[in-house]
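**Student:** Sequence first, then the predicted structure, then my questions.
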Amino acid sequence: MMEGIYYKEWSTALGRDMEFKVYGTAGVPVLAFPCEGGRFYDWENNAMPDAAAWLIQNGRIQLFCADSIDAEGLLNGSLSPRRRAEMQEKYFCYITGELVPRILALNAAGSAAKAASAAEADKPAEKTAAPKPVLWVTGADLGAYQAVNCLLRRPELFCGAIGLSGRYDVAGRMGGAEDDLALRNSPLAALAVGLLDSADKAALQGRQILLYAGQAQDGREPEALASTLALDEALKAAGIPVSTEIWGQDVTHEWHWWARAFDVFTNRLFS
């Protein structure tokens, strides 16, 4: 099992410490979200970094596994829907305003060290491209929702998203799309009412959205399949590029399938 470097750092947005783990030292940064109610260590415990081990070990990608606050927000039945929406918005602000800059700083430091090592070995360092989004975002189950929500709302920060068996219609957990925070934090609801303006859509033309679901008829995969197909249709209707793959009837809502899909997609993108 691949082990990462553990971090625990204060979040001003959330008013608490937040944890995350990092796998690899350089390469394209990939931010990963856990499943519904999950934690930052779930990716490691379910062999997701191992699925991309060659890419991580050879400096093609650097994987950052974020923590969630689902138990305090979206899943907290003791909170009002509005309060759950507020917690989700705070989490979004933590991810985009605090964790993303930290990821980019750690990735830049690792890339600089790699370039310095190449120079010492008398090898030419890779040319630095013009500034542009380099960060990918991914997740499974409710983590896929978080990934797509980040990309749609902040396309200037992310260059692509991979959604694995995602469940994207979460407005009901936050009181419905009539609430402004619920609307902004629900991709399907936002697309349905045309919340994304022309500038957002123009920015998303240069981004990649990869969606995946299986066809197993047990557990939560049927719900994920329906939600994935609905998001695919909504994105295409809005003119936003998306690539969706529906795998076989044996593909269930489980980590070992997500590891296989993560292996396929990351090797396709980064090898």
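**Tutor:** Structure received. What you see is a predicted model, and the numbers here were worked out from it, not measured in a lab.

**Student:** Would you mind giving both backbone torsions of the residue nearest to Met18 when sequence neighbours are not counted?
**Tutor:** Excluding its sequence neighbours, the residue lying closest to Met18 (C-beta to C-beta, 6 or more residues apart in numbering) is Ser11, at 4.6 Å. (Glycine included, C-beta is placed from N, CA and C.) Main-chain torsions, Ser11, degrees, to the nearest 10: phi -110, psi 120.

**Student:** And for Ile246?
**Tutor:** As for Ile246, its main-chain torsions (degrees, to the nearest 10) stand at phi -110, psi 120.

**Student:** Gly59 now?
**Tutor:** Main-chain dihedrals, Gly59, degrees, to the nearest 10: phi 70, psi 20.

**Student:** From Leu196, how far off is it?
**Tutor:** From Gly59 across to Leu196, the span is 35 Å (C-beta to C-beta, to the nearest Å).

**Student:** Of the two, which one has the most company?
**Tutor:** Per other C-beta atoms under 10 Å, whichever of Gly59 and Leu196 has more neighbours is Leu196, with 21 against 15.

**Student:** that's a helix at the more buried one, yeah?
**Tutor:** No - applying DSSP: H, G, I helix; E, B strand; the rest coil, one finds Leu196 to be coil, outside a helix.

**Student:** In space, what's closest to Arg195 - neighbours in sequence excluded?
**Tutor:** Quick fix: residue 195 reads Leu, not Arg. Nearest residue to Leu195, sequence neighbours excluded (C-beta to C-beta, 6+ apart): Leu183, at 6.4 Å.

**Student:** Could you count how many residues lie near Ser198?
**Tutor:** Ser198 has 8 neighbours, counted by other C-beta under 10 Å.

**Student:** Which parts of the stretch 151-271 of the chain are strands?
**Tutor:** Under the criterion DSSP state E, counting those that start in this stretch, strands of the stretch 151-271 of the chain are mapped to 158-164, 208-213, 243-246.

**Student:** Provide the partner residues of Ser243 in its beta bridges.
**Tutor:** Leu210 (DSSP bridges).

**Student:** So which of the strands of the stretch 151-271 of the chain is nearest Lys236?
**Tutor:** The closest of the strands of the stretch 151-271 of the chain to Lys236 is strand 243-246. By C-beta to C-beta, the value is 9.2 Å.

**Student:** how about that closest one: buried residues?
**Tutor:** Thr244 (16 or more other C-beta atoms under 10 Å).

**Student:** and it, what does it pack onto?
**Tutor:** For strand 243-246, the packing partners by 3 or more C-beta pairs under 8 Å, 6 or more residues apart in numbering; DSSP states H and E come out as strand 208-213, helix 221-237.

**Student:** If we use 10 Å, what do you get?
**Tutor:** strand 208-213, helix 221-237, helix 255-270 (3 or more C-beta pairs under 10 Å, 6 or more residues apart in numbering; DSSP states H and E).
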